[in-house]
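Enquirer: Quick one, structure for this:
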Amino acid sequence: HTSIIVHKDEFFYGSGGISSCAPGGTLLGPPDSVVDLGNTEVTEEIFLEYLSSLGESMFRGESYNLFEHNCNTFSNEVAQFLTGRKIPSYITDLPAEVLATPFGQALRPLLDSVQIQPPGGNTFSRHNGQS
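Expert: Sure, this is the predicted structure:
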């Protein structure tokens, strides 16, 4: 699972769409590791408008796919918008590496049916981002 922490909130994507919570606030708990991608000049207002647009287009809940369109895809897209930097390839390449193994191929039919939404977040909408 990956997410982006910006403007004091954590944003992530799963089968429920884009969600937010306090940093480390999902039931998954604190992260195993944190990759600092730098600072952003993007204001909170512009960022929330951008997220709203993503939630209505590329990152609707029904578009989620564990291997091809997942939390890593979202984190990478948002990181590039905010900082111009991608998340590390060892993260984005992991699903393809799993699928390249015989075990990954054997599990793929089961895993393709999995819907993942880390519990503990709030579904993002433009309205709950307003002060």
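
Enquirer: where do the strands sit along the protein?
Expert: 4-6, 9-14, 17-21, 122-123 (DSSP state E).

Enquirer: What strands line up against the second one, and which way round?
Expert: In its sheet, strand 9-14 lies beside strand 4-6 (antiparallel), strand 17-21 (antiparallel), with partners assigned from DSSP bridges.

Enquirer: Make CSV out of those and add mean neighbour count and mean pLDDT.
Expert: C-betas here are computed from N, CA, C, even on glycine. Converted to CSV, the strands paired with strand 9-14 look like this (neighbours: other CB atoms under 10 Å; pLDDT from 0 to 100):
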stretch, mean neighbour count, mean pLDDT
strand 4-6, 21, 96
strand 17-21, 21, 94
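
Enquirer: Tabulate those strands in CSV, adding columns for distance to residue 66.
Expert: Compiled in CSV, the strands paired with strand 9-14 are given as follows (distance: least, CB to CB, whole Å):
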stretch, distance to residue 66
strand 4-6, 19
strand 17-21, 15
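
Enquirer: looking at those, which is closest to residue 80?
Expert: strand 4-6 (10.6 Å; CB to CB).

Enquirer: Please enumerate the helices of this structure.
Expert: For the chain, the helices defined by DSSP state H occupy 44-56, 71-83, 89-92, 94-99, 102-112.

Enquirer: What pLDDT does the model give the residue of the chain positioned farthest from its centre?
Expert: Using CA atoms, centre = their mean, the residue of the chain lying farthest from its centre is residue 102. It sits 26.9 Å away. You'll see residue 102 listed with a pLDDT of 94.

Enquirer: ditto for residue 28
Expert: 83.

Enquirer: Around it, count how many other residues there are.
Expert: Using other CB atoms under 10 Å, residue 28 has 15 other residues around it.

Enquirer: Would you format the strands of the chain as CSV with distance to residue 111 included?
Expert: Putting the strands of the chain into CSV (distance: least, CB to CB, whole Å) gives the following:
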stretch, distance to residue 111
strand 4-6, 24
strand 9-14, 14
strand 17-21, 20
strand 122-123, 24
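
Enquirer: Many thanks, I have nothing further to ask.
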